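> Kindly return the folded structure for what I paste below:
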Amino acid sequence: MVDGSTLQSAEALVRKNASSQPNESPEYRKARAALLVEEIELRRQIERVAALRRVLPPGGEVKGDYRFLGEAGGVAGADPVGLAELFGDNDTLVVYNWMYGPRRARPCPMCTAFLSSLDGNADHIRQRVALAIVGLSPIERQIAFKVERGWRNLPLYADVNGRFSQDYHAVMDDGTDGAATNVFTRRDGTIRHFWGEEMGFATADPGQDPRGAPDLMVLWNILDLTPDGRGTDWYPKLSY
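Model prediction:
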């Protein structure tokens, strides 16, 4: 990250901006320039937060008896594997717990919308880090939904004993499965937790649904660009 002291002010950058839109009014350009200042500051804040995240001290060592059954688990005799096996040849692992536990007739629509966008980027992501999508439902049930949705690139795993999901905040107080994003590292044979999403209901601002920063869902980021935004009474569905 560039040292903040070497950056030009957002206002100075905006003065260099030669963009304009067809038939815009002077009032529009003035308001758009003010917004561009805020957009530049937001970009810089995102970079500052990412830099702080990268220099976190070593997280807690992973010591739990975590067992996962992958998509080859339908083969007779296949055995569950530990968290270490999910890394493959990588030293960083990103795990997303999705809300498709055995109590649910169908998966969470929000998780489904997120995973649909993630599926299109999974091959790119795995050029840099390992990726695992973990659910509490049996692996056969998860695979069936993957086929239904046409997902091709998401590596699914069942949390066989549920301990991983419990320890890493993917199970709510009432026992219902929740969504969770966690990142792990492996250095010199030791696996540690690096970062986990901690923004939820307790940290939500009034009138907003819980969300992280940055928001990982492409859906919401696109809608944030529109006049009506995300709205307050619309959520994704499994079918329309």
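> Would you quantify the distance from residue 28 to residue 11?
18 Å (C-beta to C-beta, to the nearest Å). Heads up, the C-betas are built off the backbone N, CA and C, glycines and all.
> ditto for residue 83
Taken as C-beta to C-beta, the span from residue 83 to residue 11 is 48 Å.
> more neighbours, the two?
Each of residue 83 and residue 11 has its neighbours counted (other C-beta atoms under 10 Å); residue 83 has more, 20 against 13.
> is it true that that one touches residue 190?
No. Contact criterion C-beta atoms under 8 Å: residue 83 and residue 190 do not qualify, at 11.9 Å.
> List the contacts of residue 210.
Contacts for residue 210 (C-beta atoms under 8 Å, 6 or more residues apart in numbering) come out as 199, 200, 201, 203, 204.
> after the longest helix that the chain contains comes which helix or strand?
Determined from DSSP state H, the single longest helix within the chain is helix 26-54. Remark: after helix 26-54, the chain's next helix or strand is strand 68-70, criterion DSSP states H and E.
> Now that following strand: average pLDDT?
Strand 68-70 shows a mean pLDDT of 97 in the predicted model.
> Pull the residues that contact that strand.
By C-beta under 8 Å, 6+ apart, strand 68-70 touches 78, 80-83, 85-86, 132, 134, 139, 155-160, 164.
> name the helices or strands packed onto the longest helix of the chain?
helix 10-16 (3 or more C-beta pairs under 8 Å, 6 or more residues apart in numbering; DSSP states H and E).
> tell me the centre residue of this protein?
Centrality entry for the chain: nearest residue to the mean C-alpha point is residue 216, 4.6 Å, by C-alpha atoms, centre = their mean.
> gap between the closest residue to that residue other than its chain neighbours and residue 169?
Leaving aside its chain neighbours, residue 216 sits nearest to residue 114 (6.7 Å; criterion: C-beta to C-beta, 6 or more residues apart in numbering). For residue 114, the distance to residue 169 (C-beta to C-beta) stands at 17 Å.
> so where do the strands sit in the protein?
68-70, 92-97, 130-135, 156-159, 180-187, 190-196 (DSSP state E).
> and the angle for the fifth one with strand 92-97?
It stands for strand 180-187. Counting by axes from the mean of the first three to the mean of the last three C-alpha atoms, to 10 degrees, strand 180-187 lies at 160 degrees to strand 92-97.
> and strand 180-187, which residues are buried?
Under the neighbour-count criterion of 16 or more other C-beta atoms under 10 Å, strand 180-187 has 180, 181, 182, 183, 184, 185, 186 buried.
> Give me the distance between the fourth one and residue 157.
It stands for residue 183. Distance, residue 183 to residue 157, by C-beta to C-beta: 16 Å.
> now swap in residue 238 and tell me
Taken as C-beta to C-beta, the span from residue 238 to residue 157 is 22 Å.
> Equivalent analysis for residue 19, please.
In this view, residue 19 and residue 157 are 46 Å apart by C-beta to C-beta.
> more neighbours, the two?
Per other C-beta under 10 Å, whichever of residue 19 and residue 157 has more neighbours is residue 157, with 25 against 10.
> Alright, I will stop here.
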